[in-house]
Structures are given as C-alpha cells and as structure tokens.
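In: heads up, no residue letters with this:
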C-alpha cells in the first residue's frame, strides 16, 4: 500500500452526525453518527482524505449502511506500536495494557513498555523497516500504529490483514494540532472523556504561556540545529517547531521559509542569515555530551557564529533526555522550557529540563 489520498467520491462523501469541534488540528475531522464515529485524516501532502476510520463499539452490531472506511471495533484491546511517543501517551491515558507488540524497541524508553518487554507481556516485533510478520500474526492485533510518510510503501504490513492506523499527528503544523490527536486516540481506547480533559489542560497552559510573551517587543534572534554533511536542515516557519519558537517569544531567523517540515540550506546561506544570532539551539543524540571544543572540532565554521563566540548555545542530548517522547503530546512543557531560555525574567527560578547551556 502506498499512502496516498483517497479519490473515490464515496469515501469523500460527507456523513450526517454531530461534528466534534476541533480546536487546533488541521488534519482530523471527527463526526459522531448513530452507532459509530467517523474519523477522517486529511492528506498532509495534498488534497483530500488520506484515510477514513469507522469506530464501532465492540459490544454492538455493525450498523447497516456504514460508509466506506476502515472499521475499528472499540475499545482496542491489542495494538502494535512503532513509536515511543504513542506508547507514552497510552500509558498516560491508562490504557497501556493494550500494547501487545512494539517495533524499534531499542528506542522505546518508557518504563512500562520496558517492563512489558522484559516479562514477555509485550512482544518485540522487530524493526519498523523489517517487521517480524510471524510475531504480528501471533498477536492478531486490533490495529497497528504506523507512521505514514509520503510515498511510504506499507504493502507488507497491509498484506497481514490487520488495520493500519496512520499516525500523522507529527505532520500537523502547530504544536497544539499535534497534541489534539490524543482526542482521537482516546476514542480508540474508550477513554474519550479523559483524553478531551487532558487536551484541554494542555492547550490552556500552552495558550497562557504563549500569551505571557506576546507583548514583548525585544525578541532574541534565534538560529537552530547543526549542519549534516553538506546541508543544514532547519524547521520551516509554519512547522510545529517554527510556530513554537514564535509562541515562545523568539525572532526565529528562518521563519520566512513557508510550509511545514524542514528545509535543507547551505552553510553559506545559514551563516549569511544567522551569523549575528543571539541564541543557538540544537538537538543531537550521542553518548558523549558536546562542548564548544568538540563542536568546533566537528566543523570549524561553527566558531564564526555570534552565539558560539558569546557562549549562547543551548543543546539537548536526546540520548539522555526524552524530549520527543515527553513533549510531543505535551507541547506546553517544551514551550515553558523555551520561554525560560528566551525570556528568563518571565519564569524566574525555572530549571532547564531538556536543554543545557553548553560549556
């Protein structure tokens, strides 16, 4: 299966029911109908619907005249996950017992998942790029949570015959848009009220924090990330991180790049635009923490940037810090961290949790 837009008119056709109001998500549409819920996921790379799911309670008969879509009997009781981000959310929602299989387990740092793998309650299903089909078939999951990528080939998984849940939350273009997917996931596991309540708390704190810096006129000029080989990938201005930098009160230098995701730039262009930045943030994954010395040894050009010269670099070593797992559905936590870096006077006494000032 190549993940693509559904062009068939029947699958595009609207359904009658009560629309669940979405506060921030641009990709999700949920409609509560008589005996089932329709969830449409918009195609992040183009027009139309990427997938339609029909959530039907497992203790009820299938309604007659269901529209076309992937039927999921809820609450889900057995799932296979590809991401620690979703494992953490399911644990927070109190439905982690439904996790029966996982891929890429070396990158899953959740304690409950680690204990489940150790005890055999959770089965290691291999790599997401080379799934152990036998293990998946033995589990006979209600759904497999996969991360869809443009033109990703999911034929092998689809051929197993189990519903593929396309977790496109990471393709949202706002931090709260990504977080709002917890409302969809909550409905899959029968904890809609808890998920809705959690999202309301997350969005309220996020909006309060972003509101606290809106009136600030002096915003530090921000550059981010590191060069990789011959290119330097930076978040676009309309990406989740690009928007979060703005919400945290920074003047993000590369916000002029429209669209979501990241854009590859040359060192020369980055230097031209960001040589006089005030603050430099980057993430990396290494057993050895970076220093100014090791950074310059990696690439001498780094030393010419103002934040390098003035020691205004903040780095997050994701080998030690669970930034992605802990903040994907809790952007208010990361926003608080960024506000404390850009405007420490707003959060006096705050101790950095993920980023560290580099020495």
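Out: Okay, I see it. It should be emphasised that the depicted structure is a prediction, and the values quoted were computed from it without experimental measurement. Numbering: from 1, shown residues only.
In: after the top strand by length along the chain, next one along is what?
Out: Using DSSP state E, we find that the single longest strand of the chain is strand 49-57. The C-terminal neighbour of strand 49-57 among helices and strands, as given by DSSP states H and E, is strand 70-74.
In: What strands flank that following strand, and is each parallel or antiparallel?
Out: strand 49-57 (parallel) (DSSP bridges).
In: The partner strand: which residues count as buried?
Out: 49, 50, 51, 52, 53, 54, 55, 56 (16 or more other CB atoms under 10 Å). Glycine gets a C-beta too; all of them are placed from N, C-alpha and C.
In: was I right about residue 86 contacting residue 146?
Out: No - shown here, residue 86 and residue 146 do not form a contact pair, counting by CB atoms under 8 Å, at 10.2 Å.
In: Could you tell me which residues touch both of the two?
Out: When contacts are counted by CB atoms under 8 Å, 6 or more residues apart in numbering, residue 86 and residue 146 are jointly contacted by residue 167.
In: which stretches of the stretch 201-350 of the chain form helices?
Out: 240-247, 267-274, 292-298, 306-309, 323-327, 331-342 (DSSP state H, counting those that start in this stretch).
In: I'd like to know which of these lies nearest to residue 80.
Out: With CB to CB as the measure, helix 323-327 is the member of the helices of the stretch 201-350 of the chain nearest residue 80 (17.7 Å).
In: Let's test this: mean pLDDT of that closest one, rounded?
Out: When pLDDT is averaged over helix 323-327, the result is 95.
In: Show which residues not belonging to that helix make contact with it.
Out: Residues contacting helix 323-327 (CB under 8 Å, 6+ apart): 84, 85, 87, 88, 109, 110, 283, 316, 318, 333, 334, 354.
In: which residues of the stretch 1-150 of the chain score low on pLDDT?
Out: For the stretch 1-150 of the chain, the stretches with pLDDT under 70 are 1-12, 150.
In: All the strands of it, residue numbers only.
Out: 18-20, 28-33, 36-42, 49-57, 70-74, 79-81, 99-102, 123-124, 126-127, 130-131, 143-146 (DSSP state E, counting those that start in this stretch).
In: Next: the stretch 151-300 of the chain.
Out: Using DSSP E, counting those that start in this stretch, strands in the stretch 151-300 of the chain cover 164-166, 221-224, 227-228, 231-235, 251-252, 262-265, 279-284.
In: Skipping its backbone neighbours, what lies nearest residue 301 in space?
Out: residue 267 (5.7 Å; CB to CB, 6 or more residues apart in numbering).
In: Let me know whether that neighbour touches residue 232 as I believe.
Out: Yes - between residue 267 and residue 232 a contact is recorded at 6.0 Å, counting by CB under 8 Å.
In: Who has more neighbours out of the two?
Out: Legend: neighbour count by other CB atoms under 10 Å for residue 267 and residue 232, higher for residue 232 (23 against 15).
In: who does that one bridge with?
Out: residue 227, residue 265.
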